[in-house]
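# My questions are about this predicted structure, shown below with the sequence.
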Amino acid sequence: MGGTSHKHHGLYQTHQLPAKGLDHHSSICITHRPEQLTHGLLKRLETYSIPTHLLLIGVPPFIGTALLRHTLSPSQAALISVFAFSMTLLISTALYRLSPFHPLAKYRGPLSCKLTKFWLACLSLGGRQHLYIKSLHERYGDVVRIGPNELSFRDPSVLTGMLGVGRIPKGPHIAGRVLSTTDLPLPGIMDPEMHSERWKPWARAFSASALREYEPTIARRANQLIQVLEKQEQEVMIGKFFNYFAYDFMCDMVFGGGSELLRDGDKDNVWHLIEDALLLSTPRSITRSLPPTTASHRCHRRPSSLVLKDIVALHSPDHQNNDDQPDKPHPPIQQLLDDGVLAVVAGSDTTSSALTSLVFCLLSHPNAMKRLQAEVDEYYPAGENACYLKHHREMHYLTAVINETLRLYPPVPTGTQRRVPHRSQGVMLET
């Protein structure tokens, strides 16, 4: 599990170093050298504004250049000023992150991770970050320092304290990707109250009663998938058809329809666009990539035309008039669009990955395949449609197969980032 909180004898302190956590050397010398002033301000501000970064990094060399112009040529003054400032800032930052004064100094981890997050960022582009973090836990234990100000936790006993009632707010990983702390998509909202408010339509859309309404739709799509596969005369890439099935169903669930990849194929190259956009892992980037038939114009449809009481309908003014806040304004179209695309992509990509892994596991273990087939035949004899869910809860081996597949090949093989708020008293987690 990934986390961003800093642990000190069971006490988690804020991800951004608090004032009392700053190193004494910086606090003493901060007024004497511009690079130390920049270092201190960057640590305190935790800004995601590019202009602010440019200001903090660009102004000191400019001042140095102006001072050196009296003795050197303009080009020499600029070169020396920029080089001296940059090298001193980098060395100062590196020494602090490796020093015993850093709040995470006692936690073990590789030198590269203590110095920078660029190494993990490079690994994530190749899809191997989770394997690397797993190897670090095998080497260093349940708590590993995976960044200058970040720890990763493997011990499941801390889950309740981190993610339970009164949980630690989300970390800034999404804010860092979009370079903003405002207008964030649902997974990136760090304010617990705002996140809770945005989550209400989702909670209704995924309630037990709402999920029962989706059963006929998923049964219809599953039957369609079987029919399409039966028509294939050669070897197939089964993952491609699972992509189509999952995407079609999630569009049914969220937008009340609009996608027929199983029937027509991927004419708009939807999955390629999604895979490219997932490198940024933000709903807004995916929204810009999807074709119009799947994106914005479907959010303008009248709720009464939707097949299901889905997420889009639950955002509608008609539904909210029945809520406990009848005067609450209708959310902006961009928020509704972001939530809809998030649901489609998150649901289709993870479902497709899980189904592909499940088939791989069954084909790799013929005995498990035979045992599962026997259970299916027992509850659904010849002539009955196994896509309907009336016996699924009684099929314990099917449940075990699914759970074991998810354990071995999790569709989202990463942790969830958390950060204790600034100026808080910390959070005690029992292990």
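Here it is on my side, so go on.
# Assess the claim that Tyr244 and Val270 are in contact.
No - using CB atoms under 8 Å, Tyr244 is not in contact with Val270, being 9.1 Å away. In short, each C-beta sits where N, CA and C put it, glycine included.
# Give me the common contacts of those two.
Leu261 (CB atoms under 8 Å, 6 or more residues apart in numbering).
# Next, give phi and psi for His365.
Main-chain dihedrals, His365, degrees, to the nearest 10: phi -130, psi 80.
# Local confidence estimate at it?
For His365, the pLDDT comes out at 96.
# Can you pull the poorly scored residue ranges out of the stretch 251-400 of the chain?
277-331 (pLDDT under 70).
# show me where it has strands.
For the stretch 251-400 of the chain, applying DSSP state E, counting those that start in this stretch gives no strands.
# ok, now which ones touch Thr116?
Neighbours of Thr116 in contact, by CB under 8 Å, 6+ apart: Gly147, Pro148.
# And it, how close does it get to Ala386?
Relative to Ala386, Thr116 is positioned 52 Å away (CB to CB, to the nearest Å).
# What of Glu233?
For Glu233 relative to Ala386 (CB to CB), the value is 24 Å.
# Could you do Met253 as well?
Noted for Met253: a distance of 21 Å to Ala386, by CB to CB.
# Who has more neighbours out of these two?
Neighbours per residue, other CB atoms under 10 Å: of Met253 and Ala386, the larger number sits with Met253, 27 against 17.
# didn't the more buried one look like it was pressed against Tyr214?
Yes - counting by CB under 8 Å, Met253 does reach Tyr214; the two are 5.7 Å apart.
# Show me what the longest helix along the chain packs onto, helices and strands only.
Of all the segments assigned as helix in the chain under DSSP state H, the longest by residue count is helix 333-364. In this structure, helix 333-364 makes packing contacts with helix 192-205, helix 238-255, helix 283-289, helix 296-299, helix 311-314, helix 366-379, helix 396-408, judged by 3 or more CB pairs under 8 Å, 6 or more residues apart in numbering; DSSP states H and E.
# gap between that helix and the chain center?
13 Å (CA atoms, centre = their mean, to the nearest Å).
# And for stretch 349-365?
22 Å.
# Extract the C-alpha set from it and format it as CSV.
The C-alpha trace of stretch 349-365 is given here as CSV (Å, rounded to 0.1, in the frame of the first residue of the first chain):
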residue,chain,number,x,y,z
ASP,A,349,-10.5,-0.9,-17.9
THR,A,350,-10.4,-2.7,-14.5
THR,A,351,-13.2,-5.2,-15.5
SER,A,352,-11.5,-6.1,-18.8
SER,A,353,-8.2,-6.6,-17.0
ALA,A,354,-9.8,-8.8,-14.4
LEU,A,355,-11.6,-11.0,-17.0
THR,A,356,-8.5,-11.4,-19.1
SER,A,357,-6.5,-12.5,-16.0
LEU,A,358,-9.2,-14.9,-15.0
VAL,A,359,-9.2,-16.6,-18.4
PHE,A,360,-5.4,-16.8,-18.3
CYS,A,361,-5.5,-18.4,-14.8
LEU,A,362,-8.1,-21.0,-15.8
LEU,A,363,-6.3,-21.9,-19.0
SER,A,364,-3.1,-22.3,-17.0
HIS,A,365,-4.8,-24.5,-14.5
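# neighbouring contacts of it?
238-239, 242-243, 245-247, 249-250, 274, 278, 368-369, 372, 401-402, 404-406, 408-409, 411-412.
# any idea how the chain splits into domains?
Here the domain parsing of the chain from automatic domain parsing is 1-16+104-170+416-431, 18-102, 197-348.
# Out of these, flag the one nearest Gly176.
domain 18-102 (6.1 Å; CB to CB).
# on that earlier part again, distance to Thr38 for the helices and strands packed on helix 333-364 - can I get that in TSV?
Formatted as TSV, the helices and strands packed on helix 333-364 follow (distance: least, CB to CB, whole Å):
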stretch	distance to Thr38
helix 192-205	31
helix 238-255	45
helix 283-289	30
helix 296-299	42
helix 311-314	44
helix 366-379	59
helix 396-408	46
